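> My questions are about this predicted structure, shown below with the sequence.
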Amino acid sequence: MKASRWRHCSPREHCNSPRVEKHDMNGTISKLVYLAPTAPLPDNAAALPARVLEALPDAVIVVDGTDRIQLLNRAAERLLGRSYIQARGGPLSGCLMLKNGADGSLILAPLAHLLACDAHPAVDYDLLVRPDGREIPIEGVAKPLLGSSGKSAGSIILFRDATTICATIRKLNERATRDDLTRLVNRGEFERRLTCRLGRLRTGEMHALLYMDLDGFKTINDAAGHAAGDAALRLVAKVFQATVRERDTLARLGGDEFALLLEHCPAELALHHAAELKATLAGTEFRWNGHRFQLGVSIGVAMISDRERRTTGELLMEADLACYAAKRDNSGVQTLHRQMLKKVEHDHIPAVHTL
């Protein structure tokens, strides 16, 4: 679909216009484009009356064959933070400074980049760097202009502020990856991150998966109602968040089950973290309408290393079985021997390390 065949419509037109979602390699939304059909853009900027250029909501820059600025409309002046008088005759690179939206690197040839976007639209929005240092996400495209002889006479660039659309994307992605109640990572996102970690596993690396099931949670629901249960889950999430490292992934899997991916963590440290989580929660009292409840948790630990390749499902099952053993034996924290998994799955009699 050529950019010249479409225009970005206003928010009022969105409801009647097709929406295109562009996704990155992880499946999260990286771009939202609302499209509405319009007439093709003339190849010659002179064909556009000045009053039309001024009325356009999109920013317009026209450069000559040496990439020097010949025209800016008012939308471009506002977005660039420069007037036409300041920019006229100057090089485009001195007026239009862009960063790559994916990695933040400076785009050294903005015109060539935008010309390429016409044929191969970028996944991420570029960042426009203004003179005041502000960085604004934009969506832009450029097309060559032809003179009367049919030869290139310069280029026309159209771009617009994508700040509002980026905010919408963030909200959509958060809804898709976060648990509504606790705002922790949800099960789907946790499994995706765990799968990515397994795919990047290197020789000598050690990570840990903790599977956590609350003790006595049913008592809270039965005695005080589901509203109290929801409040208790939110409190547990805050307690766990205050204990884990920033680089680790804490998730609510559903119900009263949580999971934690500890990256670059040997077995001894993983068991220490598990014991710390259990002790911290045990020292937290949940109160609801005059009632007091003691919180507790059983934790199963599964270690991840390059010595034995496993799938995401196999690791979750191993940690879940270890958690079951910890809850059954009231031992707190357990990790299973891998060679005993089949026996545990069959008769729930695990070989364990207990902490």
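Received it, and whenever you're ready, just let me know what you need.
> Count the neighbours of residue 180 for me.
Using other C-beta atoms under 10 Å, the number of residues around residue 180 comes to 8. Bear in mind the C-beta positions are built from the backbone N, C-alpha and C, glycine included.
> what's the helix or strand for it?
Residue 180 belongs to no helix or strand when elements are defined using DSSP states H and E.
> got it, and residue 300?
Using DSSP H and E, the element containing residue 300 is strand 296-305.
> which is the next helix or strand following that strand?
From strand 296-305, the next helix or strand downstream (DSSP H and E) is helix 312-329.
> who does the next helix or strand after that next one pair up with?
Counting by DSSP H and E, the element after helix 312-329 in chain order, helix or strand, is strand 333-336. Note on strand 333-336: by DSSP bridges, its sheet partners are strand 296-305 (parallel), strand 352-354 (antiparallel).
> of these, which approaches residue 329 most closely?
strand 352-354 (7.4 Å; C-beta to C-beta).
> what mean pLDDT does the closest one have?
Mean per-residue pLDDT for strand 352-354: 39.
> hey, least reliable of the strands paired with strand 333-336 by pLDDT?
strand 352-354 (a mean of 39).
> quick one: residue 117 is in a helix?
Yes: Residue 117 forms part of a helix when assessed by DSSP: H, G, I helix; E, B strand; the rest coil.
> was I right about it contacting residue 143?
No: contact status for residue 117 versus residue 143: not in contact, 10.4 Å apart, counting by C-beta atoms under 8 Å.
> Quick one: the strands in the stretch 101-250 of the chain, in order.
Using DSSP state E, counting those that start in this stretch, the strands found in the stretch 101-250 of the chain span residues 106-107, 126-129, 135-146, 152-161, 206-215, 249-254.
> neighbouring contacts of the helix or strand that comes right after the last one?
Once the chain leaves strand 249-254, the next helix or strand it forms, by DSSP H and E, is strand 257-262. Under the contact criterion C-beta atoms under 8 Å, 6 or more residues apart in numbering, strand 257-262 has outside partners 184, 190, 193-194, 197, 207-214, 236-237, 240, 244-245, 248-253, 269-270, 273, 277, 297, 316, 319.
> which of those count as buried?
Taking 16 or more other C-beta atoms under 10 Å as the criterion, what is buried in the contacts of strand 257-262 is 184, 190, 193-194, 197, 207-214, 236-237, 240, 244, 248-253, 270, 273, 277, 297, 316, 319.
> which of residue 117 and residue 143 has more neighbours?
Set side by side, residue 117 and residue 143 show more neighbours around residue 143, with 20 against 17, by other C-beta under 10 Å.
> Got the confidence number for the more buried one?
So residue 143 comes in at 92 (pLDDT).
> Also residue 253?
Confidence score, pLDDT, at residue 253: 96.
> My guess is it contacts residue 191. True?
No: the pair residue 253 and residue 191 fails to qualify as a contact (C-beta under 8 Å) at a distance of 9.1 Å.
> show me where pLDDT drops low in the chain?
In the predicted model of the chain, residues 1-49, 118-123, 331-332, 336-355 satisfy pLDDT under 70.
> please redo it, this time with the cut-off set to 80
Applying pLDDT under 80 to the chain flags residues 1-53, 117-124, 147-150, 329-355.
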